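> one predicted model, sequence on top.
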Amino acid sequence: MIVLSPSILTADFGNLQEEVEKAVRGGCDWLHLDIMDGHFVPNITIGPMIVKALRRYAAIPFDVHLMVENPDGLLKLYADAGADIVTVHQEASGCRHLHRTIQHIKELGLKAGCAVNPGTPVELLEPVLMDLDMVLIMTVNPGFGGQSFIPSTLHKIARLRAMAEKWKPDLLIQVDGGINAATCESVIQAGANVLVVGSAIFDGVDPEGNVRKYKALLER
Ligand code: DX5
Ligand code: ZN
């Protein structure tokens, strides 16, 4: 099964409740929440209070993508806010002791993910692969929605899938950035099984219909 996790980054932030409800009505599997701190990436989005506020309107897993420096001190806030899966970045300062950060996420009762930017080799995660529930391969440089898919990331997905066969066969492989009807086929073929779709779903027109369309596309 391919999991569809819509990113609300390009949703109407003045009407987030409605936007989330539309995605849920469309039948999405998870909801992807992009947390940016203005340091790790040149943009700022939402924090645990908004995550908690939205939790009331969606009974599906909350997939929290932390694009922040020093995530350790924030993990409990996101756990308390209702996160189910928390993904930190390998490159973030404060993730020098990545194994410890992963254990910290798991001790909070959450699923643990680690993300790698397009310029980071996925092989760096091999030592912790068996400890992770999910690896997020960024298919754009993080910070903004609506960017174009970077084709060289396909090789990384395939290499990660091969590594997972050895160390963690049930590893979730998530892709995030520039995923749409034109790119989803190739990432799935390379080995991804969790697709984050942002601007192709929250297009300001019909998020609910778009979720239906992508669910149907992924079920084929
Ligand atoms: C980028 C975010 C993504 C992004 C996806 O930094 O992590 O989740 O919003 O949006 P699209 O699908 O528009 O690239
Ligand atoms: Zn994201």
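Perfect, thanks for sending it. Numbers count the residues shown, from 1 in each chain. Ligands and ions are numbered 1, 2, ... in the order given.

> what about stretch 37-45, average pLDDT?
Stretch 37-45 carries an average pLDDT of 98.

> packing partners for the one helix or strand G113 maps to?
Element membership for G113 (DSSP states H and E) is strand 111-116. Contact here means 3 or more C-beta pairs under 8 Å, 6 or more residues apart in numbering; DSSP states H and E; on that basis strand 111-116 packs against strand 62-67, strand 85-89, helix 98-107, strand 134-138, strand 172-176. In this view, the C-beta of every residue, glycine as well, is placed from N, C-alpha and C.

> again, 7 Å this time
strand 85-89, helix 98-107, strand 134-138 (3 or more C-beta pairs under 7 Å, 6 or more residues apart in numbering; DSSP states H and E).

> what's the angle between the longest helix along the chain and strand 172-176?
For the chain, the helix with the greatest residue count under DSSP state H is helix 153-167. Helix 153-167 and strand 172-176 are oriented at 170 degrees to each other (axes from the mean of the first three to the mean of the last three C-alpha atoms, to 10 degrees).

> got a pLDDT number for C95?
88.

> over to N15?
Per-residue pLDDT puts N15 at 97.

> tally of neighbours for whichever residue of the chain sits closest to ligand 2?
Relative to ligand 2, the nearest point of the chain is H65 (3.8 Å; C-beta to the ion). H65 has 27 neighbours, counted by other C-beta atoms under 10 Å.

> do the same with E69
For E69, the neighbour count with other C-beta under 10 Å is 17.

> quick check, it in contact with G38.
No - applying C-beta atoms under 7 Å, one finds E69 not in contact with G38, separated by 9.7 Å.

> returning to that earlier point: does any part of the strand holding G113 sit near ligand 2?
No - shown here: strand 111-116 not in contact with ligand 2 (C-beta under 5 Å from the ion), separated by at least 7.9 Å.

> close to ligand 1: what parts of this structure are there?
By C-beta under 6 Å from any ligand atom, the residues of the chain that approach ligand 1 are 7, 9-10, 32, 34, 65, 140, 142-143, 145-147, 176-179, 196-200.

> same thing but at 5 Å, please
7, 9, 34, 142, 145-146, 176-178, 196, 198-199 (C-beta under 5 Å from any ligand atom).

> grab the nearest non-local neighbour of V194.
Using C-beta to C-beta, 6 or more residues apart in numbering and skipping the chain neighbours, the partner closest in space to V194 is Q174 (3.9 Å).

> could you report the separation of that neighbour from D133?
Q174 sits 10 Å away from D133 when distances are taken as C-beta to C-beta, to the nearest Å.

> overlap of the contact sets of those two?
Here Q174 and D133 share the contacting residues G113, scored by C-beta atoms under 7 Å, 6 or more residues apart in numbering.

> quick one: which of those two has more around it?
Taking neighbours as other C-beta under 10 Å, Q174 and D133 compare with Q174 leading, 28 against 19.

> which residues touch that one?
Contacts of Q174 (C-beta under 7 Å, 6+ apart): 113, 134, 136, 192, 194, 196.

> state the pair within those residues that is farthest apart.
G113 and A192 (13.3 Å; C-beta to C-beta).

> neighbour count for these two, which is higher?
A192 (29 against 25).

> so which helix or strand takes in the more buried one?
Going by DSSP H and E, A192 is not in any helix or strand.
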